[in-house]
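Visitor: Quick check, what structure comes out for this input:
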Amino acid sequence: MKVLIAEDSDSDRLILATLVRRLGHQVVEVSDGIEAVARFSEFQPDIVLLDALMPRMDGMEAARQIKALAGERLVPLIFLTSLSDAGELARCLEAGGDDFLVKPYNRVILEAKINAFNRMRSMHHALSEQRDQIRRQNEQLLSEQKVARRVFDNVAHTGCLDAPNIRYHASPLSVFNGDVLFAAQRPGGGIVIFLGDFTGHGLPAAIGAMPVAEVFYGMAEKGFGAADILREINRKLCRILPTGMFCCGVMVEADGKQNALRAWNGGLPDGWLVRKNGERVAIPSRHLPLGVLAPDRFTASMDVLDALPGDRLVVMTDGFPESCDDQGRCFGEEGVRRVLAGLKAEEHPFDALTMHLRQFTGRPEPADDLTLCSLEVIAGSVQAESFEKSPESSLSGPGEWHCVYEIRERTLADFNPLPLLLHICMEVPGLRRRSGEIYTLLSELYNNALEHGVLELSSEWKSSAKGFSLYYQERKRRLTEIDGHYIRFSLSHESRPGAGRLRIRCEDSGRGFDIDVQGARSPAKTGPGNGYAGRGLEILKRMTKELTVHGPGNCVEIVYDWTFPDNALGAHDGSDSKREDK
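Guide: Sure thing, here's the model as predicted:
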């Protein structure tokens, strides 16, 4: 080692330097404190032997300056002294000394002290290197996580969380979060929201979020319903998650056209539908979390609630009721009920809950991953602008084609053909920007054919909350009695310069309805089971160029004309010619 000896007595310094050199170490000698501080910066010794009493600058002041120069590097400092007063010795330690060497010097004691401090110095050096390595690795990990988080956010938040009728708050414990919140507008209108909470925290808990986001947004874009999305998420998580890891979740599907809200809760705290009239309807957990049950045992049955414009839905992860005050008491689900029960007129439940939670905990930091989301039901069909603005694919697609697709018997109860039919239409260059309109057309045709043609249900039932519930109960029952029935789609497309024409024909095996001389529809039969007020022909008429009802009224044909957007026309047909408006 390199040893700095600061001693104002020439004889004592010579004796000590000789002993240290014989032990095999390098020695630098100085005679006062000022020189000791100067040579320390130059020599960078491993150990300093410092006389307590020296001219110009005493050993205690020199010790303080040497310790400051050493910084985080451990440089043992041994005071050379003949002092015996306890107070004086304590002052030496307070100044930064680590030990004492009493005059006259003993070679055995000197060697033992130097070796002991050398071991301590080596251990400190090793720990410092490990600490620096851990710090570098942690900084690299955080940097990688931040990059991954940006990628994750680009995937997970591609939906409509910024919609004006959605409000949410998320408080992750780390860069990554075990909570996930996705929202997407369906092509034909309506919103689907998924709130999930994976077991654990941080990166391990967030691993499952990427495949869930992929499934959710991919299927929502294609027009799949919430139940189908739930089944696929469960199937995916069962396949990829290790034993003991799962995802509690709430799936909500809101449709302003039908004044309906469907909800599925598997393992999360109660959700709440707060109506404009102050009534509160709980959405309790009736299912096991996602990723627990095998696909053949999983059920995606959803609670159906009537929801009018202005009603507000509130869902949350368990971090909200489990937030504690300074005495360890939890806010609890009972606290949520009290807040919602005490809502003032026009007070938003989201604002009330967040305000009361802050007041209860007294601090902004939550004790867990915490996510709270509110959805306000709005009137009518909100078209998904994201579909209309999505960029066209650079791949070419079919322009001239015809296909027939028929759904029969039990398949009518177990399968939704709309995503498949939409996918076929979206292969046409230019039609993807109109996926919302195409899905609405297909959905109106199919739902009217199934519910009012095959099942002979009346839309008039849905004019009241009781009738709404009866409608879906009867729909479920009649789907078990559809032997011999079918719904057949015939789709054709033809290309035109800068435009195209899509012809859709939907035929069902129901009894149909009569058409009067003006072409208006009138029921073939009356009664609660065979009203046709909900066939949606008026919607189809407004959206299409032509609408024709064939036969007894169980076959509807529409013609939908479309044009390329102005900024995409050149890329597709290379023409500047004017196009006909739809």
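Visitor: Any chance of the backbone angles for the residue nearest the centre of the chain?
Guide: Residue closest to the mean C-alpha point of the chain, counted by CA atoms, centre = their mean, is V180 at 3.2 Å. Backbone torsions for V180, taken as degrees, to the nearest 10, come to phi -130, psi 140.
Visitor: Tell me the bridge partners for it.
Guide: G196 (DSSP bridges).
Visitor: so what's it up against?
Guide: Applying CB atoms under 8 Å, 6 or more residues apart in numbering, we find V180 in contact with A156, F194, L195, G196, D197, F198, A206, A209, V212, A213, C247. All C-beta spots, glycine's among them, are computed from the backbone N, C-alpha and C.
Visitor: same check, this time on F415
Guide: Per CB under 8 Å, 6+ apart, neighbours of F415: I407.
Visitor: Please report how far it lies from L479.
Guide: Counting by CB to CB, to the nearest Å, the gap from F415 to L479 is 11 Å.
Visitor: same question, A209
Guide: Distance from A209 to L479, by CB to CB: 34 Å.
Visitor: out of those two, which sits in the busier spot?
Guide: A209 (23 against 16; other CB atoms under 10 Å).
Visitor: Which single helix of this structure contains the most residues?
Guide: Counting by DSSP state H, the longest helix found in the chain is helix 107-156.
Visitor: Packing partners of it?
Guide: helix 10-22, strand 47-51, strand 99-102, helix 209-221 (3 or more CB pairs under 8 Å, 6 or more residues apart in numbering; DSSP states H and E).
Visitor: pLDDT averaged over it, what's the number?
Guide: What helix 107-156 shows for mean pLDDT is 83.
Visitor: Determine how far it lies from the middle of the whole chain.
Guide: 33 Å (CA atoms, centre = their mean, to the nearest Å).
Visitor: got the CA positions of whichever helix or strand comes after it in CSV?
Guide: Toward the C-terminus, helix 107-156 is succeeded by strand 166-171 as the next helix or strand (DSSP states H and E). The C-alpha trace of strand 166-171 is given here as CSV (Å, rounded to 0.1, in the frame of the first residue of the first chain):
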residue,chain,number,x,y,z
ILE,A,166,-64.4,8.8,-20.4
ARG,A,167,-62.5,9.9,-17.3
TYR,A,168,-59.8,7.9,-15.6
HIS,A,169,-57.0,8.0,-13.1
ALA,A,170,-54.1,5.6,-12.8
SER,A,171,-51.4,5.6,-10.1
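Visitor: packing partners for strand 166-171?
Guide: Counting by 3+ CB pairs under 8 Å, 6+ apart, strand 166-171 packs on strand 179-185, helix 349-361, strand 370-376.
Visitor: between that strand and strand 370-376, how many degrees?
Guide: In terms of direction (axes from the mean of the first three to the mean of the last three CA atoms, to 10 degrees), strand 166-171 departs from strand 370-376 by 180 degrees.
Visitor: So what are the sheet partners of strand 166-171 and their directions?
Guide: Strand 166-171 has these strand partners (DSSP bridges): strand 370-376 (antiparallel).
Visitor: Off-centre distance for the partner strand?
Guide: That offset, for strand 370-376, works out to 13 Å (CA atoms, centre = their mean).
Visitor: Give me the phi and psi for G553.
Guide: phi 110, psi 0.
Visitor: G512 is in contact with that one, correct?
Guide: Yes - if you go by CB atoms under 8 Å, G553 and G512 touch, sitting 3.4 Å apart.
Visitor: in the stretch 201-350 of the chain, what spans have low per-residue confidence?
Guide: 201-206, 256-257 (pLDDT under 70).
Visitor: can you count the residues close to L470?
Guide: When neighbours are defined as other CB under 10 Å, L470 has 15 of them.
Visitor: My error: substitute V108 in the last question.
Guide: Going by other CB under 10 Å, the residues that sit close to V108 add up to 7.
Visitor: repeat for A352
Guide: A352 has 17 nearby residues by other CB under 10 Å.
Visitor: same thing with E427?
Guide: 16.
Visitor: My read is that it contacts P398, right?
Guide: Yes - counting by CB under 8 Å, P398 is a contact partner of E427 at 5.9 Å.
Visitor: List the buried residues for stretch 540-556?
Guide: Under the neighbour-count criterion of 16 or more other CB atoms under 10 Å, stretch 540-556 has L540, M543, T544, L547, V549, G553, N554, C555, V556 buried.
Visitor: and what of stretch 63-80?
Guide: Applying 16+ other CB under 10 Å to stretch 63-80 flags A63, Q65, I66, K67, A70, L74, V75, P76, L77, I78, F79, L80 as buried.
Visitor: again, but for stretch 418-437
Guide: Within stretch 418-437, judged by 16+ other CB under 10 Å, the buried ones are 418-422, 424-437.
Visitor: In helices, which of these appear?
Guide: Reading helices off these with DSSP H, I get L418, P419, L420, L421, L422, I424, C425, M426, S435, G436, E437.
Visitor: and the first one, what does it touch?
Guide: Taking CB under 8 Å, 6+ apart as the criterion, L418 is in contact with G223, Y439, L442, S443, Y446.
Visitor: Can you tell me which of these are buried?
Guide: With burial judged by 16+ other CB under 10 Å, the buried subset of the contacts of L418 is G223, Y439, L442, S443, Y446.
Visitor: part of a helix, is the third one?
Guide: Yes - when the secondary structure is assigned by DSSP: H, G, I helix; E, B strand; the rest coil, L442 falls within a helix.
Visitor: Okay, it and T563: tell me how far apart.
Guide: For L442 relative to T563 (CB to CB), the value is 20 Å.
Visitor: what does the last one give?
Guide: Y446 sits 26 Å away from T563, taking CB to CB as the criterion.
Visitor: how far away is C238 from G218?
Guide: Relative to G218, and taking CB to CB, C238 is found at 18 Å.
Visitor: Looking only at neighbour counts, state which of these two leads.
Guide: Counting neighbours by other CB under 10 Å for C238 and for G218 shows that C238 has the greater number, 16 against 13.
Visitor: The more buried one in helix, strand or coil?
Guide: Here C238 is recorded as helix under three-state DSSP.
Visitor: and it, what does it touch?
Guide: Per CB under 8 Å, 6+ apart, neighbours of C238: G291, V292, L293, A294, P295.
Visitor: Just the buried ones from the residues you listed, in PyMOL syntax?
Guide: Command for PyMOL, covering only those of those found buried under the criterion 16+ other CB under 10 Å:
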select buried, resi 291+292+293
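Visitor: is it possible to export the contacts of C238 to CSV including secondary structure?
Guide: Formatted as CSV, the contacts of C238 follow (three-state DSSP):
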residue, secondary structure
G291, coil
V292, coil
L293, coil
A294, coil
P295, coil
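Visitor: Same list (the contacts of C238) but as TSV, adding distance to E507.
Guide: Formatted as TSV, the contacts of C238 follow (distance: CB to CB, whole Å):
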residue	distance to E507
G291	41
V292	42
L293	38
A294	38
P295	33
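Visitor: Great, nothing more from me.
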